[in-house]
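Participant: quick one, structure for this:
(3 chains)
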Amino acid sequence: MITLASDFGSPYPAAMKGVILQQSDARLVDVSHDFRRGAVRESAFWLRELLPTFPPATHLAVVDPGVGTDRDVLVARAGDHTLVGPDNGLLVPAARRLADDVDWFHADAGDPASSTFHGRDVFAPLAATVHDTTVPLDDHERLTPIDEPVDCRLPEAVVDDDGARGWVLAVDDFGNVVTNVPGDFLDGRDAIRVNGERVPAVETFGAVDPGSPLAVIGSHGYVECDVNDGRGDEWFGLSPGNDVHLDPV
Amino acid sequence: MITLASDFGSPYPAAMKGVILQQSDARLVDVSHDFRRGAVRESAFWLRELLPTFPPATHLAVVDPGVGTDRDVLVARAGDHTLVGPDNGLLVPAARRLADDVDWFHADAGDPASSTFHGRDVFAPLAATVHDTTVPLDDHERLTPIDEPVDCRLPEAVVDDDGARGWVLAVDDFGNVVTNVPGDFLDGRDAIRVNGERVPAVETFGAVDPGSPLAVIGSHGYVECDVNDGRGDEWFGLSPGNDVHLDPV
Amino acid sequence: MITLASDFGSPYPAAMKGVILQQSDARLVDVSHDFRRGAVRESAFWLRELLPTFPPATHLAVVDPGVGTDRDVLVARAGDHTLVGPDNGLLVPAARRLADDVDWFHADAGDPASSTFHGRDVFAPLAATVHDTTVPLDDHERLTPIDEPVDCRLPEAVVDDDGARGWVLAVDDFGNVVTNVPGDFLDGRDAIRVNGERVPAVETFGAVDPGSPLAVIGSHGYVECDVNDGRGDEWFGLSPGNDVHLDPV
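Facilitator: Residues are numbered from 1 along each chain as shown, chains lettered A, B, ... in the order given. A predicted model of the protein is given here:
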């Protein structure tokens, strides 16, 4: 199984699929091709949350604002999973979530046909190649072990008696604002302040009227700032990377 | 084969796929993940039209504004098809279209990891479980037969000599307005009035100039109010659920 | 393997998949369903670039503003690939790219259930039928050999010492403007004028600041007019089919 993720939208993912299918009859599964353009850190969050739901697979992911520059090509082995993509931090949180010990490699990019579409010309054929697990990664001449990849830290918020100081990990398609504040911050609270605005702390969207804001423990285990039947990002004025302060009321 | 439908957009459907693939090697086919957010009735219409085009399968569908509340989990057996989703009416028109006699069950939701993403935590693993057709649904301890699910009626319009009184079932991605007026209302007519506006009744979009409105028998057998190379919903000012009166001219 | 491409968005592609899966257990791969609505020539460009990345397959493509009119149904055999779609030029550049000699056929459309959704009622079942390569295309009673299909020319730009006179083949999801000027126009140049505006000629997006325009040899081998971390179509004011003049500086 090879999963595919990118910020390509449509139709470029088809070229990656065609190239892979020339080499392999692996099952292909799309994770998403609608990651926010060039948003390496937000995409790294999504991959960390989504890839562990899959059985052992090769995961191809491309969010690559540095395409064509001298950034390296990364391959990681994390338990029974293999990850392929640019060495810009994108894959690191997912790989570390998938296994305690990760083996990291740089791959020779060869002489790609284009300087702007390494998804098709470098990453897809590489994913099809390393997907053949009868060949250990150490035996691939194109791969060189490295100590540490370019990192992409997704630290959790600082929480103390005064409240939580964190930031926005992601905004999903519903407009839900995913913070990096662990969900147990809401334990025992009926309401909190989000950057000064008081909102109810609830267990489900349906606990407030449509159009009303709320704080809830989201499906990733973090506090989310949402609006029932509306967009939390607009109501709270928050985007990925923004600071968010959660305070008791 | 397991089909997937939701209003999740991207990337949450990937989590449902990952969870299913942990349990099953079934073929996965996306129906749509772009149903209008929380639009149970419009989504129920699409499922009724789309699921019968498939061979026997397990159909997982999640449009679930009541996620985390006490709404029940529904499993239906309709002929050789099995349907899984929230008991909010979403699956009922499709199930009744697939078979004259439908067996309905409630499923024990267990203790889901989240209160906001039952697609991943309840419905996907349940779909993978009931997809194994070697176990009759009656033998699943989690399933309890029920008499009737929460209903979602999609009645046809009232048509008489004075015209048709109906409503808008759906608006598709092209902006085409699908009414619930049977298409034979257009038989023998060159034009009709749609909420008072006179438009030509034609057989194909190409029969009118680009940008011009028309009424046509759509692919679901109903009268559609469309614009050639334009958006009918904007021209006619119609949205799903709106009343629509079709009159002779 | 059957690939699917259309301008349908969602959810109509699911009906094509369901119909195919009733007849065939072929692997289904989406090329794109987000081609610009009714944009036959731009879609023909994408198909020409994308389909040759795939191994031998049946390619179903539907961008069909003339649905329900008397336009014909086309089947093409190009090497080991088979193409199915409307005879409006959509498939011709791809077929000619896939093989030097192409065999063209018209198919009897039968008596389709609708006059507006031939993707479901004509093209999908036809694709599933001709996908069975044990039956030569010549043996299908529904197929009649023809000499030439409706054409869709995608000529390259005229390039001389004074510059290049071409047009815009496509605008991709990133807003990158793909011209029909061969990429070697940029060889040895540090900058060019695009319709009079001077922009740097570079090898990668990262060579200019975010928000800045550039000309680059794109992944299709043509000059592209782009903006790093922005939309080239907006900056240059260019859409598919527009004239574009590239001049030396």
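
Participant: so who does the closest residue to A:N228 other than its chain neighbours touch?
Facilitator: Among residues not flanking A:N228 along the chain, A:F205 sits closest, at 4.5 Å (CB to CB, 6 or more residues apart in numbering or on different chains). (Glycine included, C-beta is placed from N, CA and C.) Counting by CB atoms under 8 Å, 6 or more residues apart in numbering or on different chains, A:F205 touches A:214, A:216, A:226, A:228-229, B:65, B:67-68, B:116.

Participant: I'd like to know which of those are buried.
Facilitator: In the contacts of A:F205, burial by neighbour count holds for A:214, A:216, A:226, A:228-229, B:65, B:67-68, B:116, counting by 16 or more other CB atoms under 10 Å in any protein chain shown.

Participant: which parts of chain A sit against chain B?
Facilitator: By CB under 8 Å from any CB of the partner chain, the residues of chain A that approach chain B are A:1, A:3, A:5, A:29-35, A:46, A:49-55, A:172-174, A:203-206, A:216-219, A:224, A:229.

Participant: buried among those? Make that a PyMOL selection.
Facilitator: In PyMOL syntax, the buried subset of these is picked out as below (16+ other CB under 10 Å):
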select buried, chain A and resi 1+3+5+29+30+31+32+33+34+35+46+49+50+51+52+53+54+172+173+174+204+205+206+216+217+218+219+224+229
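
Participant: so which of the residues of chain A next to chain B are in helices?
Facilitator: In helices, judged by DSSP state H, the following of those are found: A:46, A:49-50.

Participant: closest to chain C out of those?
Facilitator: A:W46 (18.2 Å; CB to the nearest CB).

Participant: surely that closest one is in contact with B:Y12?
Facilitator: No. Here A:W46 lies out of contact with B:Y12, judged by CB atoms under 8 Å, at a distance of 9.6 Å.

Participant: tell me the helices and strands packed up against whichever helix or strand A:T82 is part of.
Facilitator: Using DSSP states H and E, A:T82 sits within strand A:81-86. Here strand A:81-86 touches strand A:58-62, strand A:73-78, helix A:92-98, helix A:124-130, going by 3 or more CB pairs under 8 Å, 6 or more residues apart in numbering or on different chains; DSSP states H and E.

Participant: for these, give me CSV that also has mean pLDDT and mean neighbour count.
Facilitator: Converted to CSV, the helices and strands packed on strand A:81-86 look like this (pLDDT from 0 to 100; neighbours: other CB atoms under 10 Å in any protein chain shown):
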stretch, mean pLDDT, mean neighbour count
strand A:58-62, 98, 27
strand A:73-78, 98, 24
helix A:92-98, 98, 23
helix A:124-130, 97, 24
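
Participant: save those as a markdown table, and put in distance to B:R189 too.
Facilitator: Compiled in a markdown table, the helices and strands packed on strand A:81-86 are given as follows (distance: least, CB to CB, whole Å):
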| stretch | distance to B:R189 |
| --- | --- |
| strand A:58-62 | 53 |
| strand A:73-78 | 64 |
| helix A:92-98 | 59 |
| helix A:124-130 | 54 |
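
Participant: looking at the buried ones among the contacts of A:F205, which is nearest chain C?
Facilitator: For the buried ones among the contacts of A:F205, the closest approach to chain C (CB to the nearest CB) belongs to B:P65, at 19.1 Å.

Participant: distance of the closest residue to A:L47 other than its chain neighbours from chain B?
Facilitator: Once flanking residues are discounted, A:L47 sits nearest to A:A94: 4.1 Å by CB to CB, 6+ apart. Using CB to the nearest CB, to the nearest Å, we find A:A94 at a distance of 12 Å from chain B.

Participant: tell me who's in contact with A:A94.
Facilitator: By CB under 8 Å, 6+ apart, the contact list for A:A94 reads A:44, A:47-48, A:51-52, A:59, A:61, A:78, A:83.

Participant: check contacts around the closest residue in space to A:G85 that isn't next to it in sequence.
Facilitator: With sequence-adjacent residues excluded and distances taken as CB to CB, 6+ apart, A:G85 is closest to A:A61, at 4.4 Å. Counting by CB under 8 Å, 6+ apart, A:A61 touches A:4-6, A:31, A:43, A:47, A:83-85, A:90-91, A:94.

Participant: tell me the most packed of these, by neighbour count.
Facilitator: For the contacts of A:A61, neighbours were counted using other CB atoms under 10 Å in any protein chain shown, and A:L91 has the most, 33 neighbours in all.

Participant: does A:T144 count as helix, strand or coil?
Facilitator: Assigned with DSSP: H, G, I helix; E, B strand; the rest coil, A:T144 falls in the strand class.

Participant: isn't it right up against A:H106?
Facilitator: Yes. Assessed by CB under 8 Å, A:T144 is found in contact with A:H106 at 5.1 Å.

Participant: after the lengthiest strand in chain A comes which helix or strand?
Facilitator: Counting residues, the longest strand found in chain A (DSSP state E) is strand A:163-171. Moving toward the C-terminus from strand A:163-171, the next helix or strand (DSSP H and E) is strand A:177-182.

Participant: for A:P248, see how far away A:G188 is.
Facilitator: Distance check for A:G188 against A:P248: by CB to CB, to the nearest Å, it reads 10 Å.

Participant: the two: which is more packed in?
Facilitator: Comparing A:G188 with A:P248 by other CB under 10 Å, the one with more neighbours is A:P248, at 12 against 7.
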